[in-house]
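Novice: build the 3D model from these lines:
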Amino acid sequence: MLNYKIILRRRKATVKDSLPTHLPPLIKRIYLNRGVCDPEHLERSIKKLFSFKSLYDIDKAVVILHTMLVHNRKIIVVGDFDTDGATSTALTVLALRSMGSKNVEYLIPNRFKDGYGLSEQIVTHLHNVGADMILTVDNGISSHEGVKCAKKYNIPVIITDHHLPADQLPDAEAIINPNITRCSSLCSLAGVGVAFYLMIALRTYLRKQGWFNGKWSEPNLANLLDLVALGTIADVVPLDINNRILVWQGLIRIRSGICRPGIIALLELANRSFNDLSTDDLSYVLGPRLNAAGRLNDMTKGVALLLTDDLNQARVLSNELDLLNQTRKKIENIMQNEAWRLCNILKQKENNLPLGITVYHPKWHQGVVGIVASRLKERFRRPVIAFAPTGIGDGVLKGSGRSVENLHLRDILSHLNMLNPKLMIKFGGHSMAAGLSIKESDYDEFSQQFSIVVKKLFEDKLISYIVWSDGCLQPTDFSIQTAYLLREAGPWGTSFPEPTFDGKFELIRQRLINKRHLHVLLRTIDVGTVIDGMLFNVDTDHWPNNNINKVELVYRLDIKKYRSKHSVQLIIEYLWPLY
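Specialist: Sure thing, here's the model as predicted:
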């Protein structure tokens with residue numbers, strides 16, 4: 001079995017160039033390297049968002065919601081227990097309240113008691129508390145039994161979701177999912193993006209009905225774009241033209257302080273500056289703290305943080321979430337060390353790691369297996385699924401998978417299910433991430449079949465792993481001005497990657513921070529510029545290594561903040577010794 005061979009390649013600029021002449025040469029080069037050659041592709045105005053009209057069932061959904069508002073019916077929003085689900089829930093509740101609903105509530109299924117999505121158990125509970133309508137956000141596309149149960153109780157269901165649908169759809173009154181008809185302009189929306197589009201469509205419909213001519217004033221739904229930006233970045237969906245507009249508009253609002261008190265409280269807690277907030281802050285500061293609630297406890301607390309208008313209450317809730325996140329980190333470290341051990345055993349047993357890795361431990365926490373799978377995927381550059389028991393003694397394992405670029409994880413699971421239809425209890429997800437359930441007794445068989453399917457479908461794509469660079473930087477580019485210029489040229493994210501550069505450096509000093517991050521002091525070989533660098537989650541079996549004094553790097557230019565001083569540093573993506 002072949003190992004990954006990491007290959008460094010430089011992106012090639014698009015031949016066609018219609019970009020504005022006033023753009024700095026470095027920024028123009030970066031845009032062209034990403035296929036952006038038309039000025040319209042750089043548009044970040046909210047007026048340039050694609051229309052909601054192409055979304056399947058959108059007209060049905062707004063009519064149903066209008067009826068509920070007119071008759072003051074109880075609408076219950078059912079979300080998911082991750083950041084995308086929390087932001088989707090909060091946005092929908094806030095939007096409906098701003099448009100006149102006096103009777104909207106929400107429910108987030110508990111990961112440990114209820115499982116994922118709109119289950120029969122959840123629907124029965126909602127019936128008992130008097131739900132007149134159920135609106136799902138960031139889930140529901142696979143909730144056949146839950147929708148069937150709702151019909152039994154005569155409760156209409158509107159599904160909003162962005163996960164890939166199966167061949168058969170739930171029998172809901174309306175389903176808003178851009179992936180149903182492969183709506184190319186909106187298919188990259190996160191769950192919160194789909195929810196936002198439904199609320200925009202509802203406001204448009206209400207306006208035509210004269211709804212805002214009476215006691216209700218028309219809300220500015222753009223004020224909810226802070227939630228859209230957070231959920232979109234946290235869910236790692238592709239940043240196509242439309243998503244870049246949504247995220248940028250959310251970022252500039254947060255930078256201006258026009259955002260939910262919960263976001264303000266989280267940024268205060270992490271001591272992050274509002275003025276130069278980036279997508280990294282959404283990914284690595286806000287997202288993990290919100291996710292901790294759903295991973296270890298109940299995401300209801302995370303939604304409450306996003307809904308509150310009281311900054312003092314938001315500060316209390318953000319502190320509670322931060323404590324949960326600290327606990328999550330401790331659990332993750334224990335599980336990650338065990339996962340490395342299991343991979344070493346697997347490598348010795350098979351003489352190499354399989355192309356599709358599965359790991360399981362009976363004491364693992366099901367809320368953290370997704371992070372473990374992500375860490376293994378980053379280390380070994382192949383699809384990984386990590387499993388944990390449900391914790392209720394039912395003999396079922398919950399799995400969370402992560403994949404690498406060009407390897408569609410849900411397609412892998414679909415193919416596996418076609419070959420072995422009884423091996424998985426249920427599954428779903430995206431190209432890069434998926435969730436599933438299997439019987440504990442089937443774990444060994446699943447592991448074997450998963451590896452076989454990955455090898456059969458994708459072995460040719462796994463032979464090498466390409467690391468892309470935007471080329472070298474000039475000596476004058478190692479500056480704080482260039483770092484800010486690059487940051488403002490975004491937003492950056494999946495499918496619109498943050499600029500990376502390559503170069504050769506002298507390695508002056510190296511040391512470990514927190515036993516897993518490598519801090520280095522570097523000197524450019526050409527003109528001798530000295531600069532700091534950081535490599536996170538380094539392989540400590542190989543680094544630090546004082547025998548190495550020259551390296552080749554792929555890196556990002558970043559802004560290092562210490563007290564009131566800002567300086568430039570390199571965030572190292574890959575490092576190769578030069579002997």
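
Novice: not counting its neighbours along the chain, what's nearest the most centrally placed residue in the chain?
Specialist: Centroid-nearest residue in the chain: Asp235, 1.8 Å away (criterion: Cα atoms, centre = their mean). Nearest in space to Asp235, with sequence neighbours left out and distances taken as Cβ to Cβ, 6 or more residues apart in numbering, is Asp84 at 3.9 Å. Backbone N, C-alpha and C define where each C-beta goes, glycine included.

Novice: is the one you found in contact with Gly231, as I believe?
Specialist: Yes - between Asp84 and Gly231 there is a contact at 4.4 Å, judged by Cβ atoms under 8 Å.

Novice: those two: which is more packed in?
Specialist: Gly231 (35 against 31; other Cβ atoms under 10 Å).

Novice: any idea how far the more buried one lies from Pro178?
Specialist: According to Cβ to Cβ, to the nearest Å, Gly231 and Pro178 sit 15 Å apart.

Novice: and what of Thr358?
Specialist: 31 Å.

Novice: out of the two, which sits in the busier spot?
Specialist: Using other Cβ under 10 Å, the more surrounded residue of Thr358 and Pro178 is Thr358, with 25 against 22.

Novice: which residues are contacting the one helix or strand Lys504 maps to?
Specialist: Following DSSP states H and E, one finds Lys504 within strand 501-513. Applying Cβ atoms under 8 Å, 6 or more residues apart in numbering, the contact partners of strand 501-513 are 8, 10, 469-473, 518-525, 530, 533-534, 538, 540, 543-546, 548-557, 578.

Novice: restricted to helices, list those residues.
Specialist: Secondary structure assignment by DSSP state H places none of the contacts of strand 501-513 in helices.

Novice: buried subset of those residues?
Specialist: The neighbour count (16 or more other Cβ atoms under 10 Å) marks 469-471, 473, 518-520, 522, 524, 533-534, 538, 543-544, 548, 551, 553-557 as buried among the contacts of strand 501-513.

Novice: give the next helix or strand downstream of the longest helix along the chain.
Specialist: For the chain, the longest helix by residue count, based on DSSP H, is helix 311-350. Next along the chain after helix 311-350, taking DSSP H and E as the criterion, comes strand 357-360.

Novice: burial of Tyr24, as a residue count?
Specialist: Just to correct that, residue 24 is Pro rather than Tyr. By the criterion of other Cβ under 10 Å, Pro24 has 12 neighbours.

Novice: I misspoke; the intended subject was Asn220.
Specialist: 9.

Novice: same deal with Glu445?
Specialist: By the measure other Cβ under 10 Å, the count of residues near Glu445 is 13.

Novice: any idea whether it is helix, strand or coil?
Specialist: helix (DSSP: H, G, I helix; E, B strand; the rest coil).

Novice: so it touches Leu423, yeah?
Specialist: Yes - counting by Cβ under 8 Å, Leu423 is a contact partner of Glu445 at 6.6 Å.

Novice: what residues are up against the closest residue to Ala304 other than its chain neighbours?
Specialist: Spatial nearest neighbour of Ala304, chain neighbours left out: Leu317 (6.1 Å); criterion: Cβ to Cβ, 6+ apart. Leu317 makes contact with Gly262, Ala265, Lys301, Ala304, Leu305, Thr308, according to Cβ under 8 Å, 6+ apart.

Novice: looking at pLDDT only, which of these scores worst?
Specialist: The member of the contacts of Leu317 with the lowest pLDDT is Lys301, at 93.

Novice: contact partners for that residue?
Specialist: So Lys301 contacts Ala293, Leu317, Glu320, Leu321 (Cβ under 8 Å, 6+ apart).

Novice: and for Val137?
Specialist: 77-80, 85, 88-89, 92, 160-161, 191-192, 194-195.

Novice: so which of those is the most crowded?
Specialist: Val192 (36 neighbours).

Novice: so who does Val368 touch?
Specialist: By Cβ under 8 Å, 6+ apart, the contact list for Val368 reads Arg295, Leu296, Arg328, Ile331, Glu332, Met335, Ala388.

Novice: for the residues you listed, name the two members farthest from one another.
Specialist: Among those, the pair separated by the greatest distance (Cβ to Cβ) is Arg328 and Ala388, at 13.8 Å.

Novice: how near is His144 to Asp167?
Specialist: For His144, the distance to Asp167 - Cβ to Cβ - is 12 Å.

Novice: quick one: which of those two has more around it?
Specialist: When neighbours are counted by other Cβ under 10 Å, His144 and Asp167 differ, and His144 comes out ahead with 16 against 5.

Novice: the more buried one - nearest residue in space that isn't next to it in sequence?
Specialist: Pro170 (5.0 Å).

Novice: what does Ile30 give?
Specialist: Excluding the flanking residues, the one nearest Ile30 by Cβ to Cβ, 6+ apart is Pro499, at 4.9 Å.

Novice: need phi/psi at the one you found.
Specialist: phi -60, psi 130 (degrees, to the nearest 10).

Novice: distance of it from Met432?
Specialist: Here the criterion is Cβ to Cβ. By it, Pro499 lies 21 Å from Met432.
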